[in-house]
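Trainee: Okay, sequence plus prediction incoming.
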Amino acid sequence: MTDPAPHDVSLAYAETSLGDVAAGGFTTTPDPGGNSTTLSGTCPRCAGATVTVYRYGMPGLGTKGLRSWLGGARSRSAESEGPLRSEVHFCECGHAHPGLPAEAVFIGCGASWRIGAAP
Ligand SMILES: [Zn+2]
Ligand SMILES: [Zn+2]
């Protein structure tokens, strides 16, 4: 690997699907209470630091997929990695890239990606 690229803040916003990205650049930190997992890493498109908190299914919300996943999990580490491997992640570098739509949910460059299997 070369030196990490600086955050390209002048990059125009574009909804770009990047497909699978190597897991190596990302860290997941489960919340000690077991209610959320924090994913941090570098956006593969704009190279900005992106941090996303994933909350696990809350009772009563009817998030069927998450609930069945919680109910069936045996290992806590597998539990905390499961949804992160299956979710599509969006750049949340926090920088309003040029052209960011007013209704954008994530403040970033618009890139989305999935995290591939660990090497
Ligand atoms: Zn980005
Ligand atoms: Zn960015």
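Mentor: Happy to help now that I have it. Ligands and ions are numbered 1, 2, ... in the order given.
Trainee: Name the residues of this structure found near ligand 2, please.
Mentor: Within the chain, the positions adjacent to ligand 2 are 46, 48, 93, 95, 109 by Cβ under 5 Å from the ion. Every C-beta, even on glycine, is put in place using the N, C-alpha and C of the backbone.
Trainee: what's the third one sitting at in phi/psi?
Mentor: When read as degrees, to the nearest 10, the backbone of residue 93 gives phi -70, psi -10.
Trainee: Give me the nearest residue to it, chain neighbours excluded.
Mentor: For residue 93, ignoring the flanking residues on the chain, the nearest one in space by Cβ to Cβ, 6 or more residues apart in numbering is residue 48 at 2.8 Å.
Trainee: ok, the nearest residue to residue 105 once chain neighbours are set aside - how many residues close by?
Mentor: Take residue 105 and drop its neighbours on the chain: the residue closest to it by Cβ to Cβ, 6+ apart is residue 90, 7.5 Å away. Residues within reach of residue 90, counting by other Cβ atoms under 10 Å, total 19.
Trainee: Give me the distance between residue 90 and residue 29.
Mentor: Per Cβ to Cβ, to the nearest Å, residue 90 is found 18 Å from residue 29.
Trainee: For burial, what's the neighbour tally of residue 27?
Mentor: Residue 27: 11 neighbours (other Cβ under 10 Å).
Trainee: ok, the residue nearest to residue 93 - contacts?
Mentor: Counting by Cβ atoms under 8 Å, 6 or more residues apart in numbering, residue 48 touches 7, 8, 9, 42, 91, 93, 94, 95, 108, 109.
Trainee: how would you label the first one: helix, strand or coil?
Mentor: Translated: residue 7. With DSSP: H, G, I helix; E, B strand; the rest coil as the basis, residue 7 sits in coil.
Trainee: Now it: closest residue in space that isn't a chain neighbour?
Mentor: Using Cβ to Cβ, 6+ apart, the closest residue to residue 7 is residue 48 (4.2 Å).
Trainee: Much appreciated, bye for now.
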